Each structure stands twice: as C-alpha cells, then as structure tokens.
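K.L.:
Predicted model and sequence follow; I will ask about them next.
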Amino acid sequence: MQTNKAIPTDRRYPLRMPKGWEPPVPAWSSTFMDTQTGVSMALVGFQHPAGMDVMPHMAELHAVLESAEICDLLTSDAGGGLHETTCIAYWRNQDAAKATMSSGAYTAFWKKHIDADGYGVIKECVNIPFNRTETLFSGPVHDHGYSQMREGTVGPIPHHQYWGGMRDRIPLSAHDALEANGPVCVVEQNGNHVVVEAHENLCIIRSGQDWSNCDDEQLSEYIDTIEPTLKAGMAFLRDQGDEVNCYSCRYMKDIALDGSNLRRSCGIAYFRTMKDLENWSEHHPTHLEIFNTFLSIAPRYGPNLQLQLWHEVSVLPATDCSAEYVNCRAGTGWMPA
C-alpha cells in the first residue's frame, strides 16, 4: 500500500519540519493500493435562490452519478441571497470518471438543467495524482473525502502541526516549487455559459469537521468555541479571498438525500498556488484564530478527541482540470469576477 506516495528523502527543496519535532496532537494519513495512482473528483450542482427546493434535482444528479465510488451531498451559503447545493463525487481513476461524465444519463441531465431558468449549474472536474496530494486525519478510523476509498492508515505521523507540513507531505514538493504558470483561463464563453481551464499547480483544499460522535462536553466546545472561528475564516475567503489569492471558498454542510442536515461540514477552497494557501494559513488572523482555538482544546483530549477533523490538499496539473458554469454569478468557483 502507499500513503499518497512516501515522503522523499532525496530532495531539491528541504523539509520545513523542525529538527526533533514532536507534534502536540496525533494525526494519521490514508493509504491506498499500489495499483491506484490517484483519484478523480467532480463537484456538480446548482447555484440557486436561498428559498428554492433543489432536492428533486439533487436526486436526479445522485442517480446519474451512481457509478462514482463516493457521492457526498452538500449545501452552502454563496452570499447575496444565493445558495449552492452540490455533489462531490470521486472515482479511483480518470477513465471511470470520464465514462460517468460522458454517459447518456449525465449528458441528458446537464442539458435539461442548463436550459432551465431561475438557477445556475456548476461543474468542476479535477484529476489528482497521488504525488500531488496529501491527506490528514485527527484519528485513525475517520474516513472522509476521497479517503472513503482508502485501504488503511499510517500514523501517528511526524510531518504535521508545523508551518509547511502540508507541502512536506506532498511528494512532488521535494523537487518542484509548485508555482503557477499563469491565470485560470476562460476558454469558452457564450453569454451566461462559461468554461474555464486550470493553470498548472492550482491548489485545492477540502477540509472537514465531523461532530457526530461528540459527547455533550466536546460538542459544546465545538459549537460554541471552534465553529464560530471556522465560519469567520470561511466567510473571509468567500467574500474577500482575492486579498490572499483565493479564487473561491464554499463552507458546506453535509446533507442527506432528503435534504436533512448531517453532523458534518467542510470547506472547499481553490487557491492560486499552495504558497498562497500557506501564506493565509501561517499569517492571516482568520486562520490563526482557527488554528490557535483548536490547539487550546485538542491537546487536552489527545487520542480521546471525539471531534473528527480532516483535510485533503492537492496541487493540480493543468491537464484535464476544468470547470463549467451556466447562469451563475460572476466570480463563482474558478470563474473570474
């Protein structure tokens, strides 16, 4: 099995992990079969007025994506009276993703909704080689995001809880500075229909929280102390993200197929580069508040922390990573404002 590929020891760019480092809280990473070289992901759904019931449309979407390995349903406040209700789907390989997204069922679904009035549709598709990604979990049994298809875990790992740990855990960073080669590019625009392609090394983070197993004490600490700082940071990235080169951020609540809320949430954000994500994480007060609030609570519990925290961070190749928006507000997702 592989852990998104092992962290290389032969490096052009040195690790940032301090000598003798011992993390203040434990963390684990996912392992996958050696025959699996990466994952494909698609975020598909609707941008719609806040009061609109789109769950019948989501049931259609869920049905046409049923061949995906994972289908997470989520909803978020997009600001300005709009919400976004989407599915994040994952496949073990690019061929399987392409087969689903080019199927007759999906094509019919997409055409039906791009021709509709009163709401917009979103499609963001990326391919993630394992040498360009890393996962991190606050416990060994958590499985969220694309790690729902993992084979196991490794840990506790040393390469975390210090600035630069994300980069250290991405194998390609040993020999590549992971810099952008230009802006995202609008490759097609026909009125309110926009197609955008990624530049090299666009950085995506999906970072989540699961409080379904929390007792009353730990639930209260999450709801009253941790979550408010998290929501403030996500709102900053959504509304003022251009200040830190964040293209977009969605703070999303997990939902069931009937629209009911689950006890999970996640943020998904696109940054121009990993360096931009690192700069926000290490220096911006909105993230430092999140980070320090967590560290004021988590070490008290150690391995008994019931709140499940996780993330997956990926630095994307430009090839086969694109997004499409119809009837959406300017600035949605990767779309320029």
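P.N.:
All right, it came through fine. Residues are numbered from 1 along each chain as shown.

K.L.:
all helices of the protein, in order?
P.N.:
Counting by DSSP state H, the chain has helices at residues 55-64, 94-101, 104-114, 165-169, 216-221, 227-240, 274-283, 285-301.

K.L.:
wait, which of those helices is closest to residue 199?
P.N.:
When those are compared by Cβ to Cβ, helix 274-283 sits nearest residue 199, at 12.4 Å. Any C-beta I mention is one placed from the backbone N, CA and C, and that applies to glycine too.

K.L.:
What distance do you get for the closest residue to residue 23 other than its chain neighbours to residue 24?
P.N.:
Leaving aside its chain neighbours, residue 23 sits nearest to residue 161 (4.2 Å; criterion: Cβ to Cβ, 6 or more residues apart in numbering). Applying Cβ to Cβ, to the nearest Å, the value for residue 161 to residue 24 is 6 Å.

K.L.:
Test my guess that the residue nearest to residue 23 contacts residue 22.
P.N.:
No - at 9.3 Å, residue 161 does not count as touching residue 22 under the criterion of Cβ atoms under 8 Å.

K.L.:
When residue 161 and residue 24 are compared, which one has more neighbours?
P.N.:
Neighbour count, other Cβ atoms under 10 Å: between residue 161 and residue 24, residue 161 has more, with 20 against 11.

K.L.:
contacting residues for that one?
P.N.:
23, 24, 25, 27 (Cβ atoms under 8 Å, 6 or more residues apart in numbering).

K.L.:
let's see 7 Å
P.N.:
23, 24, 25 (Cβ atoms under 7 Å, 6 or more residues apart in numbering).

K.L.:
what's the answer for residue 13, then?
P.N.:
The neighbourhood of residue 13, defined by Cβ under 7 Å, 6+ apart, consists of 173, 174, 177.

K.L.:
mind pulling up the phi and psi values for it?
P.N.:
phi -110, psi 120 (degrees, to the nearest 10).

K.L.:
List only buried entries from the contacts of residue 13.
P.N.:
173, 174 (16 or more other Cβ atoms under 10 Å).

K.L.:
Now for the closest residue to residue 36 other than its chain neighbours, how many residues are close by?
P.N.:
Leaving out its chain neighbours, the residue that sits closest to residue 36 by Cβ to Cβ, 6+ apart is residue 92, at 5.8 Å. Residues within reach of residue 92, counting by other Cβ under 10 Å, total 20.

K.L.:
Flag the shaky bits of the chain, pLDDT-wise.
P.N.:
Within the chain, the segments meeting pLDDT under 70 span 1-5.
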